[in-house]
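*Asks:* A structural model of the following input is requested.
(one chain, ligands or ions: 1)
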Amino acid sequence: MAASIALLDQAPVGNSNLPAVKICGFTDLANLREIAAIDGVNAIGLNFFPKSKRYVTPATAREWTSAWDRKADGVVTVGVFVNAEQRQIIELFTSGVIDVAQLHGTESADEVSALTARGIPVIKAHGIRNAADINAMTQHPTAYHLVDAFAPGEWGGTGETVDWSLLTNWGDSHPSHRLVLSGGLKPENIAEAVLCVHPAMVDVASGVESAPGVKDANRVKTFVTAIQKAH
Ligand SMILES: O=C(O)c1ccccc1N[C@@H]1O[C@H](COP(=O)(O)O)[C@@H](O)[C@H]1O
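*Replies:* Predicted structure coming up:
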């Protein structure tokens, strides 16, 4: 089974294409459903890192999956992990709780390969400091790379931005890879970020929240509209 992400494969890189939108980190099912139903939201992130302010237990995520028809909303679910045990990721994928694994820790190339060999699509996240970090991304055996700000002692969800100018035209020079832009994105800066980087997907956690793990529907709508207007 190919470990591909149709949503991103169908979002060709290029200046005239809208990126897909992922909203990440929910602590309440009603809030998740409200956001998943917004036009222009393509992916929902469930955070399985126990130290995150946006943590959801696998048991709760399983209950949500039974109560919510993500296909009806036309979204995919992405599990966010930091150095998690492979068996946890595999179990959440095979039981249909997640469609994609997003790895935010120090997971090795071998660990990425072990998941993709089982048909699990993997987005590997990278904390970016400089051009060398960007050049190293494609050493990981997946076509999907997420850039986040490098924050010592943190793994993500910090609200810090990446230096977008380091990523200009990255997609054009890596046609068989897909870039997911994250880190400090919000309605106020998303248009500039998208016009600079032209990512296949943008991913936001803190920038559309009223409190950690609680997404503000108005901020999400403004975020989506800003992307559409930027094109
Ligand atoms: O959101 C978190 O708490 C988190 C914790 C550990 C790893 C990743 C996490 N979230 C991811 O972080 C980035 C950026 O978030 P933000 O928009 O800057 O708040 C994003 O990819 C989230 O999926």
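*Asks:* who does the most centrally placed residue in the chain bridge with?
*Replies:* Centroid-nearest residue in the chain, with CA atoms, centre = their mean: Asp203, separated by 4.7 Å. Taking DSSP bridges as the rule, Asp203 bridges to Lys22.
*Asks:* these two touch, right, it and Pro19?
*Replies:* No - look at Asp203 against Pro19 with CB atoms under 8 Å: they stay out of range, at 9.6 Å. Every C-beta, even on glycine, is put in place using the N, C-alpha and C of the backbone.
*Asks:* anything in contact with each of these two?
*Replies:* Leu181 (CB atoms under 8 Å, 6 or more residues apart in numbering).
*Asks:* Sketch out the strands for the chain, chain order is fine.
*Replies:* 20-24, 43-47, 76-81, 100-103, 122-128, 144-149, 178-181, 201-204, 209-211, 214-215 (DSSP state E).
*Asks:* Need the residues that contact the fifth one.
*Replies:* Think strand 122-128. By CB under 8 Å, 6+ apart, the surrounding residues in contact with strand 122-128 are 3, 5, 78, 100-104, 107, 112, 115-116, 133-134, 136-137, 140, 142, 144-151, 156, 162-163, 166, 180, 182-183.
*Asks:* Leu7 and Asn42 touch, don't they?
*Replies:* Yes - counting by CB under 8 Å, Leu7 touches Asn42, with 5.7 Å between them.
*Asks:* for this protein, what's the longest helix?
*Replies:* Longest helix of the chain, by residue count under DSSP state H: helix 217-230.
*Asks:* From the contact counts, what lies against that helix?
*Replies:* Packed against helix 217-230, as judged by 3 or more CB pairs under 8 Å, 6 or more residues apart in numbering; DSSP states H and E, are the following elements: strand 20-24, helix 29-36, helix 190-197.
*Asks:* now His104, nearest residue through space, not along the chain?
*Replies:* Spatial nearest neighbour of His104, excluding adjacent residues (CB to CB, 6 or more residues apart in numbering): Ala125 at 4.3 Å.
*Asks:* low-scoring stretches of this structure, by residue?
*Replies:* Counting by pLDDT under 70, the chain contains low-confidence residues at 1-2, 10-16.
*Asks:* which bits of it sit near the ligand?
*Replies:* Contact residues, the chain versus the ligand (CB under 6 Å from any ligand atom): 24-25, 45, 47, 49, 52-54, 80, 82, 104, 146, 148, 155-159, 182-185, 203-207.
*Asks:* nearest spatial neighbour of Met210, skipping sequence neighbours?
*Replies:* No Met there; residue 210 is Ser. Nearest residue to Ser210, sequence neighbours excluded (CB to CB, 6+ apart): Asp216, at 4.4 Å.
*Asks:* wait, doesn't Thr161 sit right on Lys186?
*Replies:* No - with contact defined as CB under 8 Å, Thr161 and Lys186 do not form a contacting pair (9.3 Å).
*Asks:* Which positions in stretch 95-105 come out as buried?
*Replies:* Judged by neighbour count (16 or more other CB atoms under 10 Å), stretch 95-105 contains these buried residues: 97-104.
*Asks:* now, which of the residues you listed sits nearest the ligand?
*Replies:* Proximity of those to the ligand (CB to the nearest ligand atom) peaks at His104, which lies at 3.9 Å.
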